[in-house]
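K.L.:
Give the three-dimensional model of this entry:
(chains A, B, C and D)
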Protein chains: 2
Amino acid sequence: MSKIGPLDTAVSLDSYECTIAVECCVFGFQDNVLKILLVKRSIEPFKDYWVLPGGAMNEGKTLPESIEEVLSNLTGIRKIALEQVACYSNVERHPIKRVVSVSYYALVKPEDYPVIPKNYISDIMWFEIGDVPELGFDHNRLLTDSLSKLRDNLRQNLVFGELLPDLFTLKELQELYENILGERLDRRNFRKKILQMGLLVPTNEKKAGVKGGPELYKKK
Amino acid sequence: MSKIGPLDTAVSLDSYECTIAVECCVFGFQDNVLKILLVKRSIEPFKDYWVLPGGAMNEGKTLPESIEEVLSNLTGIRKIALEQVACYSNVERHPIKRVVSVSYYALVKPEDYPVIPKNYISDIMWFEIGDVPELGFDHNRLLTDSLSKLRDNLRQNLVFGELLPDLFTLKELQELYENILGERLDRRNFRKKILQMGLLVPTNEKKAGVKGGPELYKKK
DNA sequence: CCCTTTCTGTGTATAAATTACATAGAAATA
DNA sequence: TATTTCTATGTAATTTATACACAGAAAGGG
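P.N.:
Sure, this is the predicted structure:
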(Lines give C-alpha, C1' and ligand atoms only; values in the text may rest on other atoms or scores of the structure.)
Protein backbone atom coordinates (compact mmCIF):
# COMPACT_ATOMS: atom_id res chain seq x y z
CA MET A 1 0.00 0.00 0.00
CA SER A 2 1.34 3.33 -1.00
CA LYS A 3 2.00 6.02 1.53
CA ILE A 4 0.42 8.52 -0.77
CA GLY A 5 -3.24 9.27 -0.35
CA PRO A 6 -5.69 12.12 -0.42
CA LEU A 7 -5.13 12.98 3.21
CA ASP A 8 -1.41 12.79 2.99
CA THR A 9 -0.50 14.88 0.04
CA ALA A 10 2.90 16.39 -0.43
CA VAL A 11 5.38 14.53 1.72
CA SER A 12 5.46 12.91 5.08
CA LEU A 13 8.42 13.18 7.39
CA ASP A 14 9.78 9.73 6.74
CA SER A 15 9.52 9.84 2.97
CA TYR A 16 12.09 8.26 0.74
CA GLU A 17 15.14 10.40 0.05
CA CYS A 18 17.59 10.28 -2.76
CA THR A 19 20.49 12.16 -4.22
CA ILE A 20 19.79 15.08 -6.50
CA ALA A 21 22.44 16.03 -8.99
CA VAL A 22 22.77 19.08 -11.18
CA GLU A 23 24.35 18.84 -14.62
CA CYS A 24 25.17 21.77 -16.80
CA CYS A 25 25.60 22.13 -20.55
CA VAL A 26 28.02 25.00 -20.88
CA PHE A 27 27.90 26.21 -24.46
CA GLY A 28 30.55 28.43 -26.03
CA PHE A 29 31.17 29.68 -29.54
CA GLN A 30 34.70 29.60 -30.84
CA ASP A 31 36.49 29.20 -34.16
CA ASN A 32 33.08 29.59 -35.72
CA VAL A 33 31.60 26.48 -34.14
CA LEU A 34 29.41 25.84 -31.18
CA LYS A 35 31.28 24.07 -28.41
CA ILE A 36 30.35 22.29 -25.24
CA LEU A 37 32.44 22.05 -22.09
CA LEU A 38 33.00 18.48 -20.93
CA VAL A 39 34.95 16.96 -18.09
CA LYS A 40 36.57 13.57 -17.91
CA ARG A 41 35.77 11.37 -14.96
CA SER A 42 38.64 9.93 -12.98
CA ILE A 43 36.57 7.61 -10.81
CA GLU A 44 34.05 4.87 -11.25
CA PRO A 45 31.42 4.60 -12.46
CA PHE A 46 32.17 5.69 -16.00
CA LYS A 47 35.84 6.24 -15.20
CA ASP A 48 37.61 7.90 -18.16
CA TYR A 49 34.33 8.82 -19.77
CA TRP A 50 33.57 12.39 -20.69
CA VAL A 51 30.48 13.80 -19.00
CA LEU A 52 28.75 17.10 -18.47
CA PRO A 53 30.11 19.05 -15.52
CA GLY A 54 27.86 18.45 -12.57
CA GLY A 55 27.62 17.27 -9.03
CA ALA A 56 25.36 16.68 -6.11
CA MET A 57 23.07 19.34 -4.79
CA ASN A 58 24.33 20.25 -1.37
CA GLU A 59 22.49 20.77 1.86
CA GLY A 60 21.32 24.33 2.21
CA LYS A 61 21.86 25.17 -1.47
CA THR A 62 19.38 25.52 -4.26
CA LEU A 63 19.93 23.80 -7.55
CA PRO A 64 21.23 26.93 -9.33
CA GLU A 65 23.53 27.62 -6.42
CA SER A 66 24.86 24.10 -6.66
CA ILE A 67 25.47 24.56 -10.38
CA GLU A 68 27.38 27.74 -9.72
CA GLU A 69 29.47 25.97 -7.15
CA VAL A 70 30.24 23.11 -9.49
CA LEU A 71 31.16 25.38 -12.38
CA SER A 72 33.16 27.69 -10.22
CA ASN A 73 35.25 24.80 -8.96
CA LEU A 74 35.72 23.28 -12.37
CA THR A 75 36.24 26.25 -14.58
CA GLY A 76 36.25 29.51 -12.73
CA ILE A 77 32.96 30.32 -14.40
CA ARG A 78 30.86 32.50 -12.13
CA LYS A 79 27.64 34.42 -12.18
CA ILE A 80 26.26 33.18 -15.43
CA ALA A 81 22.71 33.03 -16.60
CA LEU A 82 21.35 29.52 -16.22
CA GLU A 83 18.34 28.05 -17.91
CA GLN A 84 16.67 25.01 -16.44
CA VAL A 85 16.09 22.30 -18.99
CA ALA A 86 14.66 19.15 -17.51
CA CYS A 87 14.68 16.59 -14.76
CA TYR A 88 15.76 12.97 -15.26
CA SER A 89 14.57 10.23 -12.97
CA ASN A 90 15.03 6.86 -14.59
CA VAL A 91 15.81 4.38 -11.86
CA GLU A 92 18.86 2.89 -13.53
CA ARG A 93 20.44 6.04 -14.88
CA HIS A 94 23.22 5.84 -12.29
CA PRO A 95 24.62 2.32 -12.04
CA ILE A 96 25.48 2.46 -8.36
CA LYS A 97 22.86 4.50 -6.60
CA ARG A 98 19.61 6.28 -7.25
CA VAL A 99 20.25 9.76 -8.57
CA VAL A 100 17.76 12.22 -9.99
CA SER A 101 19.42 14.90 -12.13
CA VAL A 102 18.27 18.35 -13.05
CA SER A 103 19.92 19.81 -16.12
CA TYR A 104 20.67 23.41 -16.94
CA TYR A 105 22.38 25.15 -19.78
CA ALA A 106 24.56 28.23 -19.85
CA LEU A 107 26.01 30.35 -22.64
CA VAL A 108 29.48 31.72 -22.01
CA LYS A 109 32.24 33.49 -23.86
CA PRO A 110 34.98 30.88 -24.16
CA GLU A 111 37.51 33.69 -24.25
CA ASP A 112 36.66 34.34 -20.62
CA TYR A 113 37.31 30.78 -19.54
CA PRO A 114 40.55 29.58 -21.11
CA VAL A 115 40.20 25.93 -20.25
CA ILE A 116 40.97 24.89 -23.81
CA PRO A 117 44.75 25.10 -24.02
CA LYS A 118 45.18 22.48 -21.28
CA ASN A 119 46.24 20.12 -24.10
CA TYR A 120 44.07 17.41 -25.46
CA ILE A 121 44.22 14.79 -22.79
CA SER A 122 43.02 17.09 -20.08
CA ASP A 123 40.19 16.37 -17.75
CA ILE A 124 38.31 19.40 -18.94
CA MET A 125 37.92 20.48 -22.53
CA TRP A 126 35.75 22.24 -25.06
CA PHE A 127 34.33 19.86 -27.66
CA GLU A 128 32.88 20.86 -30.95
CA ILE A 129 29.22 20.05 -30.79
CA GLY A 130 29.58 17.71 -33.74
CA ASP A 131 32.49 15.83 -32.18
CA VAL A 132 31.01 14.91 -28.84
CA PRO A 133 31.94 11.34 -27.97
CA GLU A 134 29.80 8.81 -26.18
CA LEU A 135 29.33 10.32 -22.75
CA GLY A 136 28.96 8.67 -19.38
CA PHE A 137 25.57 8.13 -17.79
CA ASP A 138 22.71 9.43 -19.92
CA HIS A 139 24.53 12.66 -20.67
CA ASN A 140 24.24 12.43 -24.44
CA ARG A 141 20.52 12.61 -23.92
CA LEU A 142 20.83 15.57 -21.55
CA LEU A 143 23.00 17.34 -24.08
CA THR A 144 20.56 16.72 -26.89
CA ASP A 145 17.69 18.06 -24.82
CA SER A 146 19.63 21.15 -23.81
CA LEU A 147 20.60 21.85 -27.37
CA SER A 148 16.99 21.57 -28.47
CA LYS A 149 15.96 24.00 -25.80
CA LEU A 150 18.75 26.38 -26.76
CA ARG A 151 17.62 26.25 -30.38
CA ASP A 152 14.03 26.89 -29.43
CA ASN A 153 14.99 29.84 -27.27
CA LEU A 154 17.23 31.25 -29.95
CA ARG A 155 14.58 30.93 -32.62
CA GLN A 156 11.93 32.55 -30.51
CA ASN A 157 13.75 35.24 -28.64
CA LEU A 158 16.89 35.71 -30.68
CA VAL A 159 18.95 35.99 -27.54
CA PHE A 160 22.43 34.62 -27.50
CA GLY A 161 23.63 35.22 -23.96
CA GLU A 162 27.36 35.66 -23.67
CA LEU A 163 28.41 33.53 -26.58
CA LEU A 164 30.23 36.28 -28.43
CA PRO A 165 32.91 38.80 -27.43
CA ASP A 166 31.74 42.25 -26.41
CA LEU A 167 32.23 43.64 -29.88
CA PHE A 168 31.27 41.59 -32.88
CA THR A 169 30.25 41.98 -36.48
CA LEU A 170 26.89 41.06 -37.88
CA LYS A 171 28.57 38.35 -39.88
CA GLU A 172 29.94 36.78 -36.72
CA LEU A 173 26.51 36.92 -35.15
CA GLN A 174 24.95 35.38 -38.20
CA GLU A 175 27.44 32.56 -38.21
CA LEU A 176 26.62 31.93 -34.58
CA TYR A 177 22.97 31.58 -35.46
CA GLU A 178 23.66 29.41 -38.45
CA ASN A 179 25.81 27.12 -36.36
CA ILE A 180 23.36 26.72 -33.55
CA LEU A 181 20.24 26.47 -35.65
CA GLY A 182 21.92 24.29 -38.22
CA GLU A 183 20.52 26.20 -41.15
CA ARG A 184 21.77 28.81 -43.55
CA LEU A 185 20.34 32.32 -43.31
CA ASP A 186 20.06 35.06 -45.89
CA ARG A 187 22.50 37.83 -45.04
CA ARG A 188 20.29 40.79 -45.85
CA ASN A 189 17.21 39.38 -44.20
CA PHE A 190 19.12 38.41 -41.09
CA ARG A 191 20.65 41.85 -40.80
CA LYS A 192 17.27 43.49 -41.28
CA LYS A 193 15.55 41.35 -38.71
CA ILE A 194 18.19 41.48 -36.03
CA LEU A 195 18.67 45.24 -36.34
CA GLN A 196 15.00 46.09 -36.17
CA MET A 197 14.77 44.24 -32.86
CA GLY A 198 16.75 47.10 -31.40
CA LEU A 199 18.96 44.91 -29.23
CA LEU A 200 22.23 45.87 -30.89
CA VAL A 201 23.99 49.20 -31.03
CA PRO A 202 26.54 50.07 -33.69
CA THR A 203 29.84 51.35 -32.38
CA ASN A 204 31.07 53.24 -35.47
CA GLU A 205 34.21 51.16 -35.22
CA LYS A 206 35.33 48.84 -37.95
CA LYS A 207 36.83 45.46 -37.41
CA ALA A 208 40.46 45.53 -38.55
CA GLY A 209 42.08 42.77 -40.54
CA VAL A 210 39.00 41.79 -42.46
CA LYS A 211 38.13 42.85 -45.96
CA GLY A 212 35.23 45.16 -46.40
CA GLY A 213 35.71 46.77 -43.02
CA PRO A 214 32.61 45.52 -41.26
CA GLU A 215 31.13 47.56 -38.45
CA LEU A 216 31.39 46.32 -34.90
CA TYR A 217 28.25 46.07 -32.79
CA LYS A 218 27.65 45.48 -29.11
CA LYS A 219 24.65 44.35 -27.10
CA LYS A 220 22.43 47.09 -25.78
CA MET B 1 35.55 22.89 1.33
CA SER B 2 33.00 21.56 -1.06
CA LYS B 3 32.93 17.93 -1.96
CA ILE B 4 32.53 18.90 -5.59
CA GLY B 5 35.64 19.13 -7.71
CA PRO B 6 36.88 18.36 -11.17
CA LEU B 7 37.84 14.83 -10.28
CA ASP B 8 34.63 14.11 -8.48
CA THR B 9 31.93 15.11 -10.86
CA ALA B 10 28.44 13.74 -10.65
CA VAL B 11 27.93 12.34 -7.20
CA SER B 12 29.87 10.48 -4.58
CA LEU B 13 28.40 7.68 -2.56
CA ASP B 14 27.87 9.67 0.58
CA SER B 15 26.31 12.71 -1.03
CA TYR B 16 23.51 14.65 0.60
CA GLU B 17 20.05 13.22 0.04
CA CYS B 18 16.70 14.88 0.22
CA THR B 19 13.08 14.25 -0.49
CA ILE B 20 11.82 14.71 -4.02
CA ALA B 21 8.18 15.49 -4.49
CA VAL B 22 6.06 15.53 -7.60
CA GLU B 23 3.20 17.98 -7.97
CA CYS B 24 0.70 17.94 -10.78
CA CYS B 25 -1.48 20.64 -12.27
CA VAL B 26 -4.46 18.70 -13.58
CA PHE B 27 -6.34 20.95 -15.95
CA GLY B 28 -9.87 20.31 -17.10
CA PHE B 29 -12.37 22.25 -19.15
CA GLN B 30 -15.94 22.41 -17.97
CA ASP B 31 -18.88 24.79 -18.10
CA ASN B 32 -16.82 26.73 -20.57
CA VAL B 33 -14.03 27.54 -18.14
CA LEU B 34 -10.62 26.12 -17.52
CA LYS B 35 -10.44 24.35 -14.18
CA ILE B 36 -7.72 23.01 -11.99
CA LEU B 37 -7.94 20.07 -9.63
CA LEU B 38 -6.93 20.90 -6.07
CA VAL B 39 -6.84 18.90 -2.86
CA LYS B 40 -7.22 20.13 0.68
CA ARG B 41 -4.57 19.16 3.17
CA SER B 42 -5.67 17.54 6.39
CA ILE B 43 -2.31 17.60 8.10
CA GLU B 44 0.35 20.11 8.98
CA PRO B 45 2.09 21.94 7.52
CA PHE B 46 -0.49 23.98 5.66
CA LYS B 47 -3.38 22.04 7.22
CA ASP B 48 -6.69 23.06 5.60
CA TYR B 49 -4.91 24.76 2.71
CA TRP B 50 -5.65 23.79 -0.84
CA VAL B 51 -2.65 22.52 -2.76
CA LEU B 52 -1.82 20.81 -6.01
CA PRO B 53 -2.12 17.04 -5.81
CA GLY B 54 1.29 15.59 -5.24
CA GLY B 55 3.45 13.46 -3.09
CA ALA B 56 6.88 12.06 -2.56
CA MET B 57 8.70 10.19 -5.25
CA ASN B 58 8.97 6.61 -4.10
CA GLU B 59 11.91 4.24 -4.17
CA GLY B 60 12.08 2.40 -7.44
CA LYS B 61 9.68 4.74 -9.24
CA THR B 62 10.39 7.45 -11.72
CA LEU B 63 8.85 10.85 -11.33
CA PRO B 64 6.10 10.27 -13.92
CA GLU B 65 5.33 6.93 -12.30
CA SER B 66 5.03 8.65 -8.95
CA ILE B 67 2.68 11.21 -10.42
CA GLU B 68 0.51 8.47 -11.85
CA GLU B 69 0.41 6.78 -8.49
CA VAL B 70 -0.56 9.99 -6.72
CA LEU B 71 -3.28 10.84 -9.20
CA SER B 72 -4.58 7.33 -9.29
CA ASN B 73 -4.96 7.31 -5.53
CA LEU B 74 -6.55 10.73 -5.38
CA THR B 75 -8.81 10.75 -8.37
CA GLY B 76 -8.83 7.54 -10.28
CA ILE B 77 -7.04 9.32 -13.06
CA ARG B 78 -4.80 6.91 -14.93
CA LYS B 79 -2.61 6.78 -17.99
CA ILE B 80 -2.64 10.42 -18.85
CA ALA B 81 -0.14 12.41 -20.84
CA LEU B 82 2.13 14.35 -18.52
CA GLU B 83 4.28 17.30 -19.40
CA GLN B 84 7.19 18.20 -17.19
CA VAL B 85 7.23 21.86 -16.26
CA ALA B 86 9.97 22.76 -13.83
CA CYS B 87 11.90 21.91 -10.73
CA TYR B 88 11.75 23.95 -7.51
CA SER B 89 14.55 23.90 -5.01
CA ASN B 90 14.29 26.87 -2.69
CA VAL B 91 15.58 25.80 0.66
CA GLU B 92 12.62 27.11 2.64
CA ARG B 93 9.82 26.08 0.36
CA HIS B 94 8.75 23.38 2.78
CA PRO B 95 8.63 24.66 6.35
CA ILE B 96 9.59 21.41 8.02
CA LYS B 97 12.05 19.59 5.86
CA ARG B 98 14.00 20.06 2.67
CA VAL B 99 11.90 19.10 -0.34
CA VAL B 100 12.68 19.59 -3.99
CA SER B 101 9.59 19.42 -6.17
CA VAL B 102 9.20 18.63 -9.83
CA SER B 103 5.99 19.86 -11.38
CA TYR B 104 4.00 18.38 -14.23
CA TYR B 105 0.79 19.26 -15.90
CA ALA B 106 -1.92 17.09 -17.36
CA LEU B 107 -5.00 17.78 -19.45
CA VAL B 108 -8.00 15.59 -18.68
CA LYS B 109 -11.66 15.37 -19.53
CA PRO B 110 -13.43 16.27 -16.30
CA GLU B 111 -16.35 14.13 -17.41
CA ASP B 112 -14.11 11.11 -16.95
CA TYR B 113 -13.21 11.99 -13.37
CA PRO B 114 -16.32 13.02 -11.50
CA VAL B 115 -14.69 14.38 -8.39
CA ILE B 116 -16.69 17.58 -8.60
CA PRO B 117 -20.05 16.64 -7.08
CA LYS B 118 -18.46 15.70 -3.74
CA ASN B 119 -20.05 18.90 -2.39
CA TYR B 120 -18.16 22.05 -1.75
CA ILE B 121 -16.27 21.31 1.42
CA SER B 122 -14.62 18.27 0.01
CA ASP B 123 -10.96 17.54 0.17
CA ILE B 124 -10.74 17.37 -3.59
CA MET B 125 -12.37 19.78 -5.99
CA TRP B 126 -12.18 21.43 -9.35
CA PHE B 127 -11.55 25.19 -9.12
CA GLU B 128 -12.12 27.68 -11.83
CA ILE B 129 -8.74 28.96 -12.83
CA GLY B 130 -9.77 32.49 -11.89
CA ASP B 131 -10.99 31.47 -8.46
CA VAL B 132 -7.94 29.69 -7.15
CA PRO B 133 -7.37 30.63 -3.51
CA GLU B 134 -4.04 31.14 -1.80
CA LEU B 135 -2.48 27.71 -1.92
CA GLY B 136 -0.17 25.99 0.50
CA PHE B 137 3.58 25.91 -0.04
CA ASP B 138 4.64 27.71 -3.24
CA HIS B 139 1.91 26.08 -5.25
CA ASN B 140 0.46 29.30 -6.62
CA ARG B 141 3.80 29.78 -8.29
CA LEU B 142 3.84 26.24 -9.62
CA LEU B 143 0.35 26.71 -11.00
CA THR B 144 1.29 29.96 -12.70
CA ASP B 145 4.32 28.37 -14.30
CA SER B 146 2.31 25.38 -15.50
CA LEU B 147 -0.36 27.60 -16.97
CA SER B 148 2.27 29.59 -18.83
CA LYS B 149 3.72 26.43 -20.24
CA LEU B 150 0.31 25.17 -21.21
CA ARG B 151 -0.39 28.43 -23.02
CA ASP B 152 2.92 28.29 -24.83
CA ASN B 153 2.32 24.73 -25.92
CA LEU B 154 -1.18 25.50 -27.04
CA ARG B 155 -0.08 28.52 -29.04
CA GLN B 156 2.71 26.66 -30.76
CA ASN B 157 1.28 23.25 -31.35
CA LEU B 158 -2.44 23.75 -31.00
CA VAL B 159 -2.77 20.55 -29.08
CA PHE B 160 -5.30 20.28 -26.35
CA GLY B 161 -4.85 16.83 -24.92
CA GLU B 162 -7.99 15.36 -23.44
CA LEU B 163 -9.66 18.56 -22.38
CA LEU B 164 -12.78 18.05 -24.45
CA PRO B 165 -15.22 15.18 -24.85
CA ASP B 166 -14.65 12.80 -27.74
CA LEU B 167 -17.03 14.68 -29.97
CA PHE B 168 -17.08 18.44 -29.94
CA THR B 169 -17.99 21.37 -32.11
CA LEU B 170 -15.53 23.88 -33.47
CA LYS B 171 -17.16 26.50 -31.31
CA GLU B 172 -16.44 24.47 -28.19
CA LEU B 173 -12.86 24.08 -29.28
CA GLN B 174 -12.54 27.76 -29.96
CA GLU B 175 -13.92 28.63 -26.55
CA LEU B 176 -11.39 26.30 -25.01
CA TYR B 177 -8.61 28.17 -26.78
CA GLU B 178 -10.00 31.53 -25.88
CA ASN B 179 -10.27 30.54 -22.25
CA ILE B 180 -6.79 29.18 -21.96
CA LEU B 181 -5.07 31.82 -24.01
CA GLY B 182 -7.10 34.61 -22.50
CA GLU B 183 -7.78 36.27 -25.83
CA ARG B 184 -10.63 36.43 -28.26
CA LEU B 185 -10.22 34.71 -31.63
CA ASP B 186 -11.88 35.34 -34.96
CA ARG B 187 -14.28 32.53 -35.72
CA ARG B 188 -13.55 32.14 -39.40
CA ASN B 189 -9.83 32.42 -39.06
CA PHE B 190 -9.73 29.98 -36.18
CA ARG B 191 -11.81 27.49 -38.10
CA LYS B 192 -9.63 27.87 -41.17
CA LYS B 193 -6.40 27.45 -39.25
CA ILE B 194 -7.42 24.52 -37.10
CA LEU B 195 -8.94 22.62 -40.00
CA GLN B 196 -5.99 23.00 -42.31
CA MET B 197 -3.79 21.43 -39.63
CA GLY B 198 -5.54 18.18 -40.46
CA LEU B 199 -5.85 17.07 -36.85
CA LEU B 200 -9.62 16.98 -36.77
CA VAL B 201 -12.06 14.82 -38.65
CA PRO B 202 -15.69 15.77 -39.21
CA THR B 203 -18.22 13.15 -38.21
CA ASN B 204 -21.19 14.28 -40.33
CA GLU B 205 -23.18 14.35 -37.13
CA LYS B 206 -24.79 17.47 -35.79
CA LYS B 207 -24.91 18.47 -32.19
CA ALA B 208 -28.49 18.40 -30.97
CA GLY B 209 -30.05 21.05 -28.82
CA VAL B 210 -28.05 23.95 -30.17
CA LYS B 211 -29.21 26.41 -32.75
CA GLY B 212 -27.58 26.30 -36.10
CA GLY B 213 -26.91 22.59 -35.89
CA PRO B 214 -23.12 22.65 -35.66
CA GLU B 215 -21.12 19.70 -36.90
CA LEU B 216 -19.34 17.44 -34.44
CA TYR B 217 -15.64 16.75 -34.88
CA LYS B 218 -13.26 14.31 -33.27
CA LYS B 219 -9.50 14.12 -32.98
CA LYS B 220 -7.74 12.20 -35.69
C1' DC C 1 -47.29 26.52 -37.03
C1' DC C 2 -44.95 30.51 -37.93
C1' DC C 3 -42.11 34.16 -36.53
C1' DT C 4 -38.10 35.50 -34.12
C1' DT C 5 -33.85 34.58 -32.23
C1' DT C 6 -29.41 32.73 -32.16
C1' DC C 7 -26.33 30.03 -33.66
C1' DT C 8 -23.43 27.93 -37.79
C1' DG C 9 -20.94 28.10 -42.06
C1' DT C 10 -18.44 30.26 -45.70
C1' DG C 11 -14.91 33.74 -49.00
C1' DT C 12 -12.44 37.69 -50.16
C1' DA C 13 -9.92 41.88 -49.86
C1' DT C 14 -6.22 44.04 -47.19
C1' DA C 15 -2.29 44.28 -44.46
C1' DA C 16 1.81 42.31 -42.63
C1' DA C 17 5.65 39.30 -42.67
C1' DT C 18 8.80 36.46 -45.05
C1' DT C 19 11.53 35.23 -48.78
C1' DA C 20 14.47 35.69 -52.84
C1' DC C 21 17.87 38.14 -55.07
C1' DA C 22 22.30 41.66 -57.40
C1' DT C 23 25.42 45.46 -57.38
C1' DA C 24 28.51 49.04 -55.75
C1' DG C 25 32.05 50.24 -52.34
C1' DA C 26 35.75 49.19 -48.63
C1' DA C 27 39.69 46.91 -47.04
C1' DA C 28 43.22 43.47 -47.63
C1' DT C 29 46.65 40.98 -50.43
C1' DA C 30 49.86 40.20 -54.00
C1' DT D 1 47.68 49.53 -58.42
C1' DA D 2 45.13 45.64 -59.79
C1' DT D 3 42.71 41.89 -57.88
C1' DT D 4 40.29 39.57 -54.53
C1' DT D 5 37.06 39.17 -50.94
C1' DC D 6 34.40 40.86 -47.96
C1' DT D 7 30.51 44.48 -46.47
C1' DA D 8 26.38 47.19 -47.11
C1' DT D 9 21.98 48.03 -49.00
C1' DG D 10 16.51 47.92 -51.34
C1' DT D 11 12.80 46.00 -53.82
C1' DA D 12 9.69 42.79 -55.92
C1' DA D 13 7.23 38.41 -55.17
C1' DT D 14 5.28 35.28 -52.18
C1' DT D 15 3.27 33.71 -48.22
C1' DT D 16 0.87 34.35 -44.05
C1' DA D 17 -2.21 36.74 -40.96
C1' DT D 18 -6.03 39.73 -40.28
C1' DA D 19 -10.47 41.98 -40.81
C1' DC D 20 -15.03 41.56 -41.99
C1' DA D 21 -20.81 40.38 -43.68
C1' DC D 22 -24.54 37.61 -44.99
C1' DA D 23 -27.35 33.46 -45.89
C1' DG D 24 -29.06 29.10 -43.87
C1' DA D 25 -30.21 25.82 -39.86
C1' DA D 26 -32.12 24.75 -35.56
C1' DA D 27 -34.45 26.13 -31.33
C1' DG D 28 -37.95 28.68 -28.60
C1' DG D 29 -42.14 31.28 -27.83
C1' DG D 30 -46.48 32.74 -28.82
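K.L.:
So which residues of chain A form strands?
P.N.:
Counting by DSSP state E, chain A has these strands, from start to end: A:17-30, A:33-40, A:50-51, A:54-56, A:82-88, A:99-108, A:124-128, A:168-169, A:200-206, A:215-219.
K.L.:
Of all those strands, which one is nearest B:Leu167?
P.N.:
strand A:82-88 (35.1 Å; C-beta to C-beta). (Glycine included, C-beta is placed from N, CA and C.)
K.L.:
Can you spell out which helices and strands pack onto the longest helix anywhere in chain A?
P.N.:
When chain A is parsed with DSSP state H, its longest helix is helix A:139-157. Applying 3 or more C-beta pairs under 8 Å, 6 or more residues apart in numbering or on different chains; DSSP states H and E, we find helix A:139-157 packed against strand A:17-30, strand A:82-88, strand A:99-108, helix A:170-181.
K.L.:
is the longest one anywhere near chain B?
P.N.:
Spelled out, it's strand A:17-30. Yes: residues of strand A:17-30 are located near chain B by C-beta under 8 Å from any C-beta of the partner chain, namely A:Glu17, A:Cys18, A:Thr19, A:Ile20, A:Ala21, A:Glu23.
K.L.:
Sheet partners, orientation included, of that strand?
P.N.:
strand A:33-40 (antiparallel), strand A:54-56 (antiparallel), strand A:99-108 (parallel), strand B:17-30 (antiparallel) (DSSP bridges).
K.L.:
To B:Leu176, which of those strands lies closest?
P.N.:
Across the strands paired with strand A:17-30, B:Leu176 has its closest neighbour in strand B:17-30 (5.4 Å, C-beta to C-beta).
K.L.:
mean confidence for the closest one?
P.N.:
The pLDDT scores in strand B:17-30 average 96.
K.L.:
so how far is it from its chain's centroid?
P.N.:
Using C-alpha atoms, centre = their mean, to the nearest Å, the mean C-alpha position of strand B:17-30 is found 8 Å from that of the whole chain.
K.L.:
What residues sit buried inside it?
P.N.:
B:17-29 (16 or more other C-beta atoms under 10 Å in any protein chain shown).
K.L.:
likewise stretch A:213-220?
P.N.:
Neighbour-count burial for stretch A:213-220 [16+ other C-beta under 10 Å]: A:Leu216, A:Tyr217.
K.L.:
any idea how far A:Phe168 is from the residue in chain A that DNA strand C sits nearest to?
P.N.:
Closest to DNA strand C within chain A is A:Gly213: 2.6 Å, counting by C-beta to the nearest atom of the strand. For A:Gly213, the distance to A:Phe168 equals 15 Å [C-beta to C-beta, to the nearest Å].
K.L.:
Can the longest helix of chain A be said to contact DNA strand C?
P.N.:
No: Helix A:139-157 is not in contact with DNA strand C by C-beta under 7 Å from any atom of the strand; minimum separation 10.6 Å.
K.L.:
ok, and what's touching that helix?
P.N.:
A:23, A:25, A:27, A:36, A:51-52, A:83, A:85-86, A:88, A:101, A:103-105, A:107, A:129, A:132, A:134-135, A:159-160, A:177, A:180-182 (C-beta atoms under 8 Å, 6 or more residues apart in numbering or on different chains).
K.L.:
Drop anything exposed from those.
P.N.:
For those, a burial check counting by 16+ other C-beta under 10 Å picks out A:23, A:25, A:27, A:36, A:51-52, A:83, A:85-86, A:88, A:101, A:103-105, A:107, A:129, A:132, A:135, A:160, A:177, A:180.
K.L.:
Pretty sure A:Ala21 sits against A:Arg98.
P.N.:
No: if you go by C-beta atoms under 8 Å, A:Ala21 and A:Arg98 don't touch, sitting 10.7 Å apart.
K.L.:
For the nearest residue to A:Leu216 once chain neighbours are set aside, report the pLDDT, please.
P.N.:
Leaving aside its sequence neighbours, A:Leu216 sits nearest to A:Leu167 (C-beta to C-beta, 6 or more residues apart in numbering or on different chains; 4.3 Å). Listed pLDDT for A:Leu167 reads 95.
K.L.:
Was I right to think A:Leu167 contacts A:Lys219?
P.N.:
No: contact criterion C-beta under 8 Å: A:Leu167 and A:Lys219 do not qualify, at 9.7 Å.
K.L.:
re the thing from before, and the strands of chain A: which comes nearest DNA strand D?
P.N.:
Using C-beta to the nearest atom of the strand, these put strand A:215-219 closest to DNA strand D, at 3.5 Å.
K.L.:
got the contact list for A:Pro202?
P.N.:
A:Pro202 touches A:Glu215, A:Leu216, A:Tyr217, counting by C-beta under 8 Å, 6+ apart.
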